[in-house]
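> Sharing a sequence plus its predicted fold:
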Protein chains: 2
Amino acid sequence: MGDANLTIADRIQDRLETLTRAERQLAHSILENYPASGLGPISTLANDAEVSTPTVARMVQKLGFKGYPEFQAELREELKAKVKNPIAKHDTWAEGAPSGHMLNRFTEAVIDNIRHSLGQIDTGDFDAACAQLADTSARLHIVGGRITHTMAEYLFLHMQMIRPDVTHIQSTSNAWPHYLLDVKPGDTFVIFDVRRYESNTLKLAEMAHQRGARIILFTDQWRSPVHRLADISFSSRIVVPSAWDSAATTLLLIETMIAAVQDLNWEDTKNRMQTLEDMFDQTKLFRKFT
Amino acid sequence: MGDANLTIADRIQDRLETLTRAERQLAHSILENYPASGLGPISTLANDAEVSTPTVARMVQKLGFKGYPEFQAELREELKAKVKNPIAKHDTWAEGAPSGHMLNRFTEAVIDNIRHSLGQIDTGDFDAACAQLADTSARLHIVGGRITHTMAEYLFLHMQMIRPDVTHIQSTSNAWPHYLLDVKPGDTFVIFDVRRYESNTLKLAEMAHQRGARIILFTDQWRSPVHRLADISFSSRIVVPSAWDSAATTLLLIETMIAAVQDLNWEDTKNRMQTLEDMFDQTKLFRKFT
DNA sequence: ATGTATCTGAAAAAATTCTTTCATTATTGT
DNA sequence: ACAATAATGAAAGAATTTTTTCAGATACAT
């Protein structure tokens, strides 16, 4: 790769004076639509700049590249780097820790996952899923697997506060077939299934589907086989510098959904919460603390 | 040129369902480094996506282009247009959703929480906590409350894969006093306690402390009363535009810690994981899926 | 289980792109 | 003004890239 920390644009700018007439013409043309113009064929660039192809080839060599393709390769690298940091110039998240520290590397990866995952979300799907979760005329079943049952439980605990008729099923439990006995057409299933997709979860989804349930799926970027049965799917990126996967993006989605559903039927939720508060007061589960 | 006002990324996203396995793999690779990856030679793209060149050629035709060069030309046009409008400030995380949409407001808040929480972390404390979790000479007890038991469970499931002698205690369970019977001085307690601090959790912490256990606490910015008993505390910001609090930052910390601990005694962990894999293979819990 | 349709990639063929050569044109110093 | 030097682009040649073909692999329906 070329000089460190110096974009090609910078390098062209620096050498602008030393260039010949045709080359300067070309340089301006490159900078005009940077970097797009440099990423096309050499002849297109030459035409746009109204110079000949050899002029381009020669100048690129003057700039220190072996040839036009190498020049393009570096332009693409620049672009890649630029797209990656529109916001995350936050190189070190944990101040005081070196950027190579796990805290920084991991956080970086998670933020990146969030950015990618959110960027791909279909807002319509999201809103539709929220509406479905808020629909109290349909019963709600939440399903998780070996690891993901924690996410399922988290969603369950909150949904339980927001609305009635919510159950949490663990696909790894032997009891799950019993839950399916009472499933009626129109019931909603929220299913979590990420990498190392579980056969039980798939079977459960199939049976729920067969019984006419509507399925909302939370999965990873590679998508669980359940997605073919799902009405709505959400894919989160889960790759982090670890032997395991990250559930952080998934949790973010869940929490956002909880907040959105809560907004949808706030009147009901408010009452339920008040009742819950009263009951907690009586059991003295929570400590009054200033 | 292609469809008006619809980026190639959008079009790929839309048709993701109709694509075949290899094509979807390719699609993800394109979106991963968009648009840079699509601007190089077809064979580079194919290699990065781990598919064949013809697959790329076929897919761009499916997307409505005459050939790869035409596809690239439109990518360059998009890039040109995008560079011209510097509106692309990243305050909308879910593109296509208005910045007032819950997806964007919530994500913004979570990122902010992460930034603040990570900024205040003492790296020394973090490393010390990791070392303690990795120390297999001390038994490890993980404790959570009404909501936080999901986080506790998440940590438990991973620690269980990494090291022996890990237990998960729910402070809301009646059974927790029994767990304390066997606690020895030097044992480690990881305790989760966030807003609406639970009296049970505090009592449990006090008893553990009395018996000479070392306490690592995960709490919120206002800090649970347990922090006075804790050797190490981590405070996460938890405020989001919702009636409830966010566990996202806490989960990020947990996951980072898991990754760091795993690095500390990787040799042991590797063996445990292999054994686990073998056992899973025998139970056929996971589905082999391509 | 069997046959059919679809998907996939290796390799060859076609097309394009990049580089080099070389003759022509412009520039500079004397 | 003239020679020497440098710059430039047309065109041929070299290299690479893209497309097509085709056979094997895979998924799917019966």
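Arrived safely, thanks for sending. Numbers count the residues shown, from 1 in each chain, chains lettered A, B, ... in the order given.
> the helices in the stretch 101-250 of chain A, which residues?
Per DSSP state H, counting those that start in this stretch, the stretch 101-250 of chain A carries helices over the ranges A:102-120, A:123-134, A:149-162, A:176-180, A:199-210, A:248-264.
> And chain B, is the shortest one touching that?
No. Between helix A:176-180 and chain B, judged by C-beta under 8 Å from any C-beta of the partner chain, nothing touches; the nearest distance is 13.4 Å. Any C-beta I mention is one placed from the backbone N, CA and C, and that applies to glycine too.
> What are the contacting residues of that helix?
For helix A:176-180, the external contacting residues (C-beta atoms under 8 Å, 6 or more residues apart in numbering or on different chains) are A:141, A:143, A:167, A:169-170, A:200, A:204, A:207-208, A:211.
> Quick one: name the residues of the stretch 51-200 of chain A near DNA strand D.
Residues of the stretch 51-200 of chain A found near DNA strand D (C-beta under 7 Å from any atom of the strand) are A:51-55, A:58, A:69.
> picking up where we left off before, now narrow the contacts of helix A:176-180 to whatever sits close to DNA strand C.
Counting by C-beta under 7 Å from any atom of the strand, no member of the contacts of helix A:176-180 is near DNA strand C.
> want to try TSV for these, with neighbour count as columns?
TSV is the format used below for these (neighbours: other C-beta atoms under 10 Å in any protein chain shown):
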residue	neighbour count
A:141	26
A:143	29
A:167	16
A:169	24
A:170	21
A:200	22
A:204	25
A:207	14
A:208	24
A:211	16
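> Would you check how far apart the residue of the stretch 101-250 of chain A found nearest DNA strand D and DNA strand C are?
When scored by C-beta to the nearest atom of the strand, the stretch 101-250 of chain A has residue A:228 as its residue closest to DNA strand D, at 8.6 Å. In this view, residue A:228 and DNA strand C are 14 Å apart by C-beta to the nearest atom of the strand, to the nearest Å.
> how about the strands in chain A?
A:140-144, A:166-170, A:188-192, A:214-220, A:232-236 (DSSP state E).
> Serialize these to CSV and add fields for mean pLDDT.
Converted to CSV, the strands of chain A look like this (pLDDT from 0 to 100):
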stretch, mean pLDDT
strand A:140-144, 97
strand A:166-170, 96
strand A:188-192, 97
strand A:214-220, 96
strand A:232-236, 95
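> could those go into JSON lines alongside distance to residue B:63?
What follows is those, written out as JSON lines (distance: least, C-beta to C-beta, whole Å):
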{"stretch": "strand A:140-144", "distance to residue B:63": "35"}
{"stretch": "strand A:166-170", "distance to residue B:63": "40"}
{"stretch": "strand A:188-192", "distance to residue B:63": "30"}
{"stretch": "strand A:214-220", "distance to residue B:63": "24"}
{"stretch": "strand A:232-236", "distance to residue B:63": "20"}
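> can you tell me the average pLDDT over stretch A:110-123?
For stretch A:110-123, mean pLDDT is 92.
> Using PDB, write out every CA atom in it.
Extracted in PDB, the C-alpha atoms of stretch A:110-123 (Å, rounded to 0.1, in the frame of the first residue of the first chain):
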ATOM      1  CA  VAL A 110     -20.600  -4.500  18.600                       C
ATOM      2  CA  ILE A 111     -21.200  -1.000  17.400                       C
ATOM      3  CA  ASP A 112     -20.300  -2.200  13.900                       C
ATOM      4  CA  ASN A 113     -22.800  -5.000  14.200                       C
ATOM      5  CA  ILE A 114     -25.500  -2.600  15.300                       C
ATOM      6  CA  ARG A 115     -24.800  -0.300  12.400                       C
ATOM      7  CA  HIS A 116     -25.000  -3.000   9.900                       C
ATOM      8  CA  SER A 117     -28.000  -4.700  11.400                       C
ATOM      9  CA  LEU A 118     -30.000  -1.500  11.800                       C
ATOM     10  CA  GLY A 119     -29.100  -0.400   8.400                       C
ATOM     11  CA  GLN A 120     -30.800  -3.500   6.900                       C
ATOM     12  CA  ILE A 121     -33.900  -3.400   9.000                       C
ATOM     13  CA  ASP A 122     -37.200  -2.900   7.100                       C
ATOM     14  CA  THR A 123     -39.000  -0.300   9.100                       C
END
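> quick one: that stretch near chain B?
Yes. Judged by C-beta under 8 Å from any C-beta, stretch A:110-123 comes into contact with chain B through A:110-111, A:114-116, A:118-123.
> just stretch A:48-66 next, same as before
No. Residues of stretch A:48-66 are not located near chain B by C-beta under 8 Å from any C-beta, the shortest gap being 11.6 Å.
> Between the two ends of that stretch, what distance do you get?
From its first residue to its last, stretch A:48-66 covers 23 Å (C-alpha to C-alpha, to the nearest Å).
> what about that stretch, distance to the chain center?
Distance of stretch A:48-66 from the chain centroid (C-alpha atoms, centre = their mean, to the nearest Å) equals 40 Å.
> wait, what's in contact with residue A:102?
Shown in contact with residue A:102 (C-beta under 8 Å, 6+ apart): A:241, B:256, B:259-260, B:263.
> Just the pLDDT for it.
On pLDDT, residue A:102 comes in at 93.
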